[in-house]
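Participant: sequence and predicted structure below; questions after.
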Amino acid sequence: MANYYIKTNRTFTNTRKYGWIFTVLVAIGGLWEPKLGLLVILIMLGLTITSFFTGRYWCGNVCPHGSLFDRIAMPISLNRKIPEFLKSKYMIIGFFIFFIINFSRRIINVLKLWGSYDFLDKLGFVFVATYLMVLIAGGLAAVLINPRTWCQFCPMGTIQKFTHKLGKTTGITEKTEKKVTIEDINKCLSCGKCSRVCPFQLIPYQNFGENNQFHDVNCIKCGTCVENCPVNILSLKTKAETIHVQKEC
């Protein structure tokens, strides 16, 4: 029986094509030069700040791990359906708590060495170890299940969703967030291809809502569905852009 999900190009920019090099550099190179792990602090700041304005855009367009999964793992991935329990709130919240407790414990232990000669090396290695864990565990899941399996419960993704909620509360994201938008629902063939190519296995064609937009918080705005729509009626637009187009029509 043929796999319902389709492997297709998801790397439309150089960042998405080659971002995986950063993951390997930190996870492997960091074993010899631990200070490389300090670069991850910039990654964490970047994804937290951008999610306030654009939701999980970082996951689909900037994340080095995402690049690794989509560029390196996907060609050899079994590309199966992602198990529902890995997407469940219990898994997401439980793993987030587990991660925060362990990460915080390691950071606190390193802070005790403040002022010592190897403080920065010890601090950097905390991030190196984390990246190495994701490289191994996320990589295996990517090959044996689906490229974006890890992303379903990734702690950084959870942080992005939380920050995105703050952005929605303040009304900021309503002006800045671009969402998958359908030109005209009546033109949709309901072929399901947008779902079959979606990295997160979401179902846009069945869930377009207000202003003909897809409002799922887990959408990573990667544009894969846009690129693969057989009738070219999908795009990424802000709410204001969508309303403007509708008024012109």
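Facilitator: Arrived safely. Computed from a prediction, not measured in an experiment: that's the story for all the values here.

Participant: low-confidence ranges, the chain, go.
Facilitator: By pLDDT under 70, the low-scoring segments of the chain are 1-2, 246-249.

Participant: go ahead and flag the most central residue of it.
Facilitator: Of all residues in the chain, the one closest to the mean position by Cα atoms, centre = their mean is C59, 2.3 Å from it.

Participant: tell me the contacts of the spatially closest residue to that one that is not a sequence neighbour?
Facilitator: In this structure, C59 finds its nearest non-sequential neighbour in I220, 4.1 Å apart by Cβ to Cβ, 6 or more residues apart in numbering. To be clear about C-beta, it is placed using only N, CA and C from the backbone, and glycine gets the same treatment. By Cβ atoms under 8 Å, 6 or more residues apart in numbering, the residues touching I220 are 56-57, 59-61, 66, 151, 199-200.

Participant: so which of those belong to helices?
Facilitator: 57, 59-61, 66 (DSSP state H).

Participant: centre of the chain to the longest helix along the chain, how far?
Facilitator: Counting residues, the longest helix in the chain under DSSP H turns out to be helix 89-111. Chain-centre distance of helix 89-111: 19 Å, with Cα atoms, centre = their mean, to the nearest Å.

Participant: dump that helix to CSV, restricted to CA.
Facilitator: Output in CSV follows, covering the C-alpha atoms of helix 89-111 (Å, rounded to 0.1, in the frame of the first residue of the first chain):
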residue,chain,number,x,y,z
LYS,A,89,-0.9,17.7,25.3
TYR,A,90,0.3,15.1,27.8
MET,A,91,3.4,14.4,25.8
ILE,A,92,4.1,18.0,24.9
ILE,A,93,3.6,19.4,28.5
GLY,A,94,5.3,16.4,30.1
PHE,A,95,8.3,16.5,27.9
PHE,A,96,8.6,20.3,28.3
ILE,A,97,8.6,19.9,32.1
PHE,A,98,11.1,17.1,31.9
PHE,A,99,13.4,19.2,29.7
ILE,A,100,13.1,22.4,31.8
ILE,A,101,13.9,20.6,35.0
ASN,A,102,17.0,18.8,33.6
PHE,A,103,18.2,21.9,31.7
SER,A,104,17.8,24.2,34.7
ARG,A,105,19.6,21.7,36.9
ARG,A,106,22.6,21.6,34.6
ILE,A,107,22.6,25.4,34.2
ILE,A,108,22.5,25.9,38.0
ASN,A,109,25.4,23.5,38.5
VAL,A,110,27.5,25.4,35.9
LEU,A,111,26.6,28.8,37.5
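
Participant: domain assignment for this structure?
Facilitator: Domain ranges of the chain: 14-165, 178-248, per automatic domain parsing.

Participant: out of these, the one nearest I172 is which?
Facilitator: domain 14-165 (6.2 Å; Cβ to Cβ).

Participant: now the terminal residues of that closest one, how far apart.
Facilitator: End-to-end distance of domain 14-165 (Cα to Cα, to the nearest Å): 29 Å.

Participant: then stretch 208-228?
Facilitator: Stretch 208-228 end-to-end distance (Cα to Cα) = 17 Å.

Participant: so which bits of it are buried?
Facilitator: In terms of neighbour count (16 or more other Cβ atoms under 10 Å), stretch 208-228 has its buried residues at 208, 211-214, 216, 218-226, 228.

Participant: G115: neighbour count?
Facilitator: With neighbours defined by other Cβ atoms under 10 Å, the count for G115 comes to 5.

Participant: my bad, T242
Facilitator: 20.

Participant: would you confirm that it contacts N212?
Facilitator: Yes. Using Cβ atoms under 8 Å, T242 is in contact with N212, at 6.6 Å.

Participant: tell me, what's touching the two both at once?
Facilitator: Residues touching both T242 and N212 by Cβ under 8 Å, 6+ apart: T181.

Participant: identify the residues contacting stretch 203-214?
Facilitator: 179-185, 188, 190-192, 194-195, 198, 202, 215-216, 219, 225, 234, 237, 239, 242-243, 246.
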